[in-house]
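Trainee: Make a model of this:
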Amino acid sequence: MQKEIELFLNISETSQQEKYKDFIAKELGIKTERIKSYIILKKTLDARNKYIKYHFRFKVFVDEDVKPETDSYKRKTYHKVNNKKVVYIIGSGPAGLFAALEFIKIGIKPIIFERGKTVNERKKDIALLNREHILNTDSNYCFGEGGAGTFSDGKLYTRTKKKGDISVVFQTFVEHGANPEILYDAYPHIGTDVLPRIILSIRKYILEYGGEIHFKSKLTDVEIKDHKIKSITINENEQIPVDFLILATGHSARDIYELLHRKKIMLEPKPFALGVRVEHPQELINSIQYHGKDYDKNLAAAQYKLAEQVGQRGVFSFCMCPGGIIVPSATENKTVVVNGMSNSRRNSPYANAGIVVQVNPSDKTGFEAHGALHLLYFQDFIEKSCFVDKALQQIAPAQKMTDFVKGKLSLHLPHTSYKPGVKSCMLEYLLPSFITSSLKQAFVLFDKKMRGYYTEEALLLATESRTSSPVRITRNANYEHVLVKGLYPAGEGSGYAGGITSSAIDGINIAKEIAQHLI
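Mentor: Numbers count the residues shown, from 1 in each chain. Below you'll find the predicted structure:
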């Protein structure tokens, strides 16, 4: 007999996994021996009241000697695709990698071209960026094996099933080394310290079954003839005929948008959000969310999610990183972009989140002459405005939250996790007025929801600008570009997906669609 039950456990009980059968049996009113096995379907922290607890949903096997399939995680095996039909993929982020895995499953050979370096080589470039402010424009927090998510947290918050079965994505990550808890945690998170090993495992798997991945291989041209993709050029000298091309280059590949625009391939501006990264002491966020300083220290670093409507614009938290650090995420020289990340243990003394303001295609940016790319140029202009130190190029302009709201220069700045360093600046001189005025009102309103959030201990760093793509590569219901046959924009760079999970699902769906034309 199988049953699904819900159970609330306190912090102490949650840590005693060896007693879960006892807790389940008590809830069902039966003897523990009758509980043969169970699966955790969902686990959510309920901190709404002083009495903090975890809300579990279990699938329970009573009087059945059935071993749940999810008790073991074995990689699936498929036939080799060395000599099979080929599909080319540009980009090795979630969309590109999961498309490649799906092609191998189907029996098609994927060939990936990645502008950046392998995950291990990326680590060296990122270290140089943090320590010496040396930016490699093709190998950084955004570009390289695994895409932007590899070194910026690995959150898997997407739970919608409208676009596909997200459990396939989660299961694949577990097969390649992720903690199985991501299968049921309400806010699944892998961690920047773990993701590189998973990406390396996926790469080895693709190569083992006959796929190809070419690094330091940048798409520099495309040939379109009679509204059909004909060839691609890699590194300006290698031209390759293609019938199907998955373009999974990520939301920061501005050169790709400009290339498509020059080729008159239809694009359109897309709403995105822009603002600052806010950093608090994690202890402060914990005491707010856990109802005081005497909270149970076994609790995980507290999170938050905030949103307000300020006039006609939404202002909201983005990519909140409990126990995290702020990192430099620029992809072009003489620009400053910040983002956040956390390791799997989330044990940094800081909490950070993007607090961003809605930007619309109808907004007057001053770059309307660039047509579909006008928000892209606006985004670039703001990032260049935040370049405030020519000697230490990744220094981020910063200001205390209270000083920002009051319009005062901060004479002293709180300590920060941002390794390149910060410089006290008047952020309202660097960011558009509609952004800063919205942020000022929102911070005061946020404090009504989280008492203590508005504080001089909070530091604002500019700018948080890569929340999503400001451009959409238009495609039809079959994922194919509306005017170019054989071209399939995918993932965050397409403007139709956001985050690791939805991008991975996008890649899988596109692979299935292309397969219908090849099998």
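
Trainee: CA atoms for contacts and neighbours, from now on please.
Mentor: Fine.

Trainee: what about dumping the CA coordinates of the strand ranked longest in the chain to CSV?
Mentor: Counting residues, the longest strand in the chain under DSSP state E turns out to be strand 35-46. Taking Å, rounded to 0.1, in the frame of the first residue of the first chain, the C-alpha atoms of strand 35-46 are listed here in CSV:
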residue,chain,number,x,y,z
ILE,A,35,6.9,1.3,7.0
LYS,A,36,9.1,-0.4,4.5
SER,A,37,10.4,2.7,2.7
TYR,A,38,9.5,6.3,1.9
ILE,A,39,10.3,9.0,-0.6
ILE,A,40,10.5,12.7,0.4
LEU,A,41,8.5,14.5,-2.2
LYS,A,42,8.9,18.0,-0.9
LYS,A,43,10.6,19.8,2.0
THR,A,44,9.8,23.5,2.8
LEU,A,45,10.9,25.6,5.7
ASP,A,46,8.0,27.3,7.4
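
Trainee: Quick check: nearest residue in space to residue 357, chain neighbours excluded?
Mentor: Leaving aside its chain neighbours, residue 357 sits nearest to residue 315 (4.6 Å; criterion: Cα to Cα, 6 or more residues apart in numbering).

Trainee: What number of residues are in the vicinity of residue 295?
Mentor: Neighbouring residues of residue 295 were enumerated by other Cα atoms under 10 Å; the total is 16.

Trainee: Tell me the secondary structure at it.
Mentor: Counting by DSSP: H, G, I helix; E, B strand; the rest coil, the backbone at residue 295 sits in coil.

Trainee: what's the pLDDT at it?
Mentor: Here, the pLDDT recorded for residue 295 equals 94.

Trainee: Residue 69 now?
Mentor: Listed pLDDT for residue 69 reads 55.

Trainee: quick one, phi psi at residue 100?
Mentor: The phi/psi pair for residue 100 (degrees, to the nearest 10) reads phi -60, psi -40.

Trainee: Torsion angles phi and psi at the closest residue to it other than its chain neighbours?
Mentor: Distance criterion Cα to Cα, 6+ apart; nearest residue to residue 100, sequence neighbours excluded, is residue 110 at 5.3 Å. Main-chain torsions, residue 110, degrees, to the nearest 10: phi -90, psi 140.

Trainee: if I pick residue 110, what's in contact with it?
Mentor: Counting by Cα atoms under 8 Å, 6 or more residues apart in numbering, residue 110 touches 86, 87, 88, 89, 100, 103, 104, 211, 212.

Trainee: which stretch of helix or strand covers the third one?
Mentor: In this case it means residue 88. Element membership for residue 88 (DSSP states H and E) is strand 86-90.

Trainee: For that strand, which outside residues touch it?
Mentor: Contacts of strand 86-90 (Cα under 8 Å, 6+ apart): 96, 100, 108-114, 219, 242-249.

Trainee: And those, which of them are buried?
Mentor: 96, 100, 108-114, 219, 242, 244-249 (16 or more other Cα atoms under 10 Å).

Trainee: Please enumerate residues in contact with the longest strand of the chain?
Mentor: Contacts of strand 35-46 (Cα under 8 Å, 6+ apart): 21, 24-25, 52-68, 70, 183-187.

Trainee: What subset of the residues you listed is buried?
Mentor: Neighbour-count burial (16+ other Cα under 10 Å) applied to those gives 21, 24-25, 52-62, 183-187.

Trainee: Which ones among these lie within strands?
Mentor: Judged by DSSP E, those include 53, 54, 55, 56, 57, 58, 59, 60, 61, 62 as members of strands.

Trainee: and the helix or strand hosting the residue nearest to residue 357, which residues are buried?
Mentor: Residue 315 belongs to strand 313-321 when elements are defined using DSSP H and E. Buried residues in strand 313-321, counted by 16+ other Cα under 10 Å: 314, 315, 316, 317, 318, 319, 320, 321.

Trainee: Ok, stretch 364-380 next?
Mentor: So stretch 364-380, judged by 16+ other Cα under 10 Å, has buried residues 365, 368, 372, 373, 374, 375, 376, 377, 378, 379, 380.

Trainee: Repeat that for stretch 197-216.
Mentor: Neighbour-count burial for stretch 197-216, with 16+ other Cα under 10 Å as criterion, is recorded at 197-200, 202-203, 205-207, 209-216.

Trainee: Can you tell me what sits against it?
Mentor: By Cα under 8 Å, 6+ apart, the residues outside stretch 197-216 that reach it are 78-82, 97, 100-101, 104, 109-119, 145-146, 150, 173, 176-178.

Trainee: And for stretch 421-436?
Mentor: By Cα under 8 Å, 6+ apart, the list of residues contacting stretch 421-436 from outside reads 274-275, 357, 382, 385-386, 394-399, 404, 407-413, 461-462.

Trainee: Inside helices: which ones of these?
Mentor: Residues of these located in helices (DSSP state H): 382, 385, 404.
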